[in-house]
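Participant: Below are the sequence and a predicted model; questions follow.
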Amino acid sequence: MNDTSTDQSMPLRWVDSLLIYLSPNSLRMLALGFAAGLPLLLVLGTLSFRLREAGIDRATIGFLSWVGLAYGFKWAWAPLVDRMPIPFLTLLLGRRRSWLLLAQCCVIAGLLGMAVSNPQASLTPLVGFALLTAFGSATQDIALDAFRIESAQARLQAVLAASYQTGYRLAMIWAGAGVFWIAAKAETGGLPAGTYQDNAWAVAYVAMAVSMAVGILTVLFSKEPAHVDLPPARGLRQWLQVAVIAPFGEFISRYRWHAVLLLALIGSYRISDIVMGIMANPFYVDMGYTKEEVATVTKLYGVVMTMVGAIAGGSMVLRWGVFKVLMLGAVLSAATNLLFAWLALHGHDVYALIAVVSADNLAGGIASAAFIAYLSSLTNVQYSATQYALFSSLMLLGPKFLAGFSGLAVDAAGYAWFFTGTACLGVPVVLLVWLAGRFHSSGD
């Protein structure tokens, strides 16, 4: 479509498949991926650390984690992003870029609000601004997925997905390790260790809001994807039919009964990682790893390994096709959870932690690149934002719900059996990938 193209008749050499990452489309997705990844930890993991340091009880922190469900329900307003113009902005920037810019402004406003909200004084303002940040972030995801899908041909979606994931993971380093470093540097000396200093967190969150300028500038200097004509809608009833019902109905009618198989695969593909991931940080604490060890190994080194896996996964898809890499990702994602079970029995060992995190994050990067490419291939370009939001939301809802019981599972069986159980959750996924591959090969 835009400025990225390749000959689809011959397989690419490895060097050519890697050079594609330097194309303008890939570099744009790298920057936009950074803007997409920045808010996530700031309303979830980083925020929970801040709240706990402020003396908020763990039960309350647990309930507040449901702020993240905004990402699981973004399909509900995806039709608006797909079709509704924004006064003045859409005329100036186009459909996709106008929604990206508006969403990014919401994220910045939310982060600045979180910066000036002291949880020790009142939780309500902080929660409200966290919801605004999550809503803006989820909306940005909707518009960005459509922007990516409409910016290049299907064969190159894995490359754009890998570039997006790389930017996303870089942002998670900055919003994870970076925000702690800024807050620590901004603290006033002479106070007891562990004393909550709201001013230091305010500085850190303002720095994160300023960092969203990467996304703003990228949107302003990017080209709008080629315009896709959508069926007209007159009146509320017809708008609902065309914008809400039609995207979902089109997917069902296109795949018929196979849609059930595809939706089951989408809803379970990342289940091993998501359910296990909820208990990863408590596991590190209970195993005696220090904050410095966890930050260095998981927030820095581990994220780099995920980026390596995403780049490798994108190149593999270009050479071997999406289903072979999708199967590889499913097997590796489940198998690496067994390494955590081994680590639980092995005990505190930083070098063992590095090895386990390396394997797990490398597998996760490969699986993510292949899975994003697969989801992109299922969308109809007329409904790209709505359908992709449906798929990515479905990917999260079931696993996130099940993950809510992970603490009870650890209490009942211990970490080793819990991690083994999460690995077993991946077995049906492997079967679903195999069935979906057979359906794809049959051409039905």
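Facilitator: Done, it's in.

Participant: going forward, measure contacts and count neighbours with C-alpha atoms only.
Facilitator: Fine.

Participant: For the stretch 201-350 of the chain, give me the ranges with low pLDDT.
Facilitator: 228-236, 238-240, 242-244, 281-282, 285, 290-292 (pLDDT under 70).

Participant: Which parts of it are helices?
Facilitator: 213-220, 235-239, 246-255, 258-268, 271-278, 280-286, 291-294, 302-320, 322-346, 350-378 (DSSP state H, counting those that start in this stretch).

Participant: if we look at the fifth one, which residues are touching it?
Facilitator: By Cα atoms under 8 Å, 6 or more residues apart in numbering, the residues outside helix 271-278 that reach it are 333-334, 337, 364, 399-400, 402-403, 406, 419, 422-426.

Participant: quick one, that helix and helix 322-346 angle?
Facilitator: Put simply, helix 271-278 runs at 40 degrees to helix 322-346, going by axes from the mean of the first three to the mean of the last three Cα atoms, to 10 degrees.

Participant: Report the inter-axis angle for helix 271-278 versus helix 350-378.
Facilitator: 130 degrees.

Participant: tell me the angle helix 271-278 makes with helix 258-268.
Facilitator: 20 degrees.

Participant: repeat for the last one
Facilitator: For helix 350-378 and helix 258-268, the angle between their directions (the same axes, to 10 degrees) works out to 150 degrees.

Participant: so who does the residue nearest to Gly437 when sequence neighbours are not counted touch?
Facilitator: Leaving aside its sequence neighbours, Gly437 sits nearest to Phe323 (Cα to Cα, 6 or more residues apart in numbering; 6.1 Å). By Cα under 8 Å, 6+ apart, the contact list for Phe323 reads Ala370, Val433, Gly437.

Participant: again, but for Gln104
Facilitator: So Gln104 contacts Ala35, Gly136, Ser137, Gln140, Met212, Gly215, Ile216 (Cα under 8 Å, 6+ apart).

Participant: from these, which ones fall inside strands?
Facilitator: Taking DSSP state E, every one of these sits outside strands.

Participant: Buried among these? Make that a ChimeraX selection.
Facilitator: Entered in ChimeraX, the line below selects the buried ones among the contacts of Gln104, by 16 or more other Cα atoms under 10 Å:
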select :35,136,137,140,212,215,216
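
Participant: would you turn the contacts of Gln104 into TSV with distance to Ala109?
Facilitator: TSV is the format used below for these (distance: Cα to Cα, whole Å):
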residue	distance to Ala109
Ala35	14
Gly136	9
Ser137	11
Gln140	14
Met212	11
Gly215	14
Ile216	13
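
Participant: secondary structure class for Pro85?
Facilitator: coil (DSSP: H, G, I helix; E, B strand; the rest coil).

Participant: Now it: closest residue in space, sequence neighbours ignored.
Facilitator: For Pro85, the closest residue by Cα to Cα, 6+ apart turns out to be Arg95, at 6.5 Å.

Participant: correct me, but the one you found touches Phe88?
Facilitator: No - Arg95 is beyond contact range of Phe88, at 10.9 Å (criterion: Cα atoms under 8 Å).

Participant: In terms of packing, which of those two has more residues around it?
Facilitator: Shown here are Arg95 and Phe88; by other Cα atoms under 10 Å, Arg95 has more neighbours (23 against 10).

Participant: got a list of what the more buried one touches?
Facilitator: So Arg95 contacts Asp82, Arg83, Pro85, Ile86, Glu224 (Cα under 8 Å, 6+ apart).

Participant: returning to what we had before: which one (most neighbours) among the contacts of Phe323?
Facilitator: Ala370 (34 neighbours).

Participant: between the contacts of helix 271-278, which is closest to Pro39?
Facilitator: Lys400 (18.3 Å; Cα to Cα).

Participant: buried set for stretch 74-89?
Facilitator: Lys74, Trp75, Trp77, Ala78, Pro79, Leu80, Val81, Asp82, Arg83, Pro85, Ile86.

Participant: possible to save those as TSV with secondary structure and pLDDT?
Facilitator: Converted to TSV, these look like this (DSSP: H, G, I helix; E, B strand; the rest coil; pLDDT from 0 to 100):
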residue	secondary structure	pLDDT
Lys74	helix	80
Trp75	helix	73
Trp77	coil	81
Ala78	helix	77
Pro79	helix	76
Leu80	helix	81
Val81	helix	84
Asp82	helix	76
Arg83	helix	77
Pro85	coil	86
Ile86	coil	91
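
Participant: Name the SS class of the residue lying farthest from the centre of the chain, please.
Facilitator: Most distant residue from the mean C-alpha position of the chain: Gly190, 39.3 Å away (Cα atoms, centre = their mean). Assigned by three-state DSSP, the conformation of Gly190 is coil.

Participant: That one and Ala184, how far apart?
Facilitator: Applying Cα to Cα, to the nearest Å, the value for Gly190 to Ala184 is 13 Å.

Participant: again, but for Lys223
Facilitator: From Lys223 to Ala184 the distance is 39 Å (Cα to Cα).

Participant: for Ser122, same thing?
Facilitator: Ser122 is 23 Å from Ala184, by Cα to Cα.

Participant: Ok, Thr422 next?
Facilitator: Where Ala184 is concerned, Thr422 sits at a distance of 35 Å (Cα to Cα).

Participant: okay, those two: which has more neighbours?
Facilitator: Taking other Cα under 10 Å, Thr422 and Ala184 do not tie; Thr422 has more neighbours (24 against 14).

Participant: Surely the more buried one touches Ala335?
Facilitator: No - using Cα under 8 Å, Thr422 is not in contact with Ala335; the gap is 9.5 Å.

Participant: quick one, helices of the stretch 1-150 of the chain?
Facilitator: 14-19, 24-42, 45-53, 58-64, 78-83, 89-93, 95-116, 123-149.

Participant: Turn those helices into a markdown table, columns for distance to Asp411.
Facilitator: Formatted as a markdown table, the helices of the stretch 1-150 of the chain follow (distance: least, Cα to Cα, whole Å):
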| stretch | distance to Asp411 |
| --- | --- |
| helix 14-19 | 45 |
| helix 24-42 | 26 |
| helix 45-53 | 21 |
| helix 58-64 | 16 |
| helix 78-83 | 38 |
| helix 89-93 | 52 |
| helix 95-116 | 33 |
| helix 123-149 | 29 |
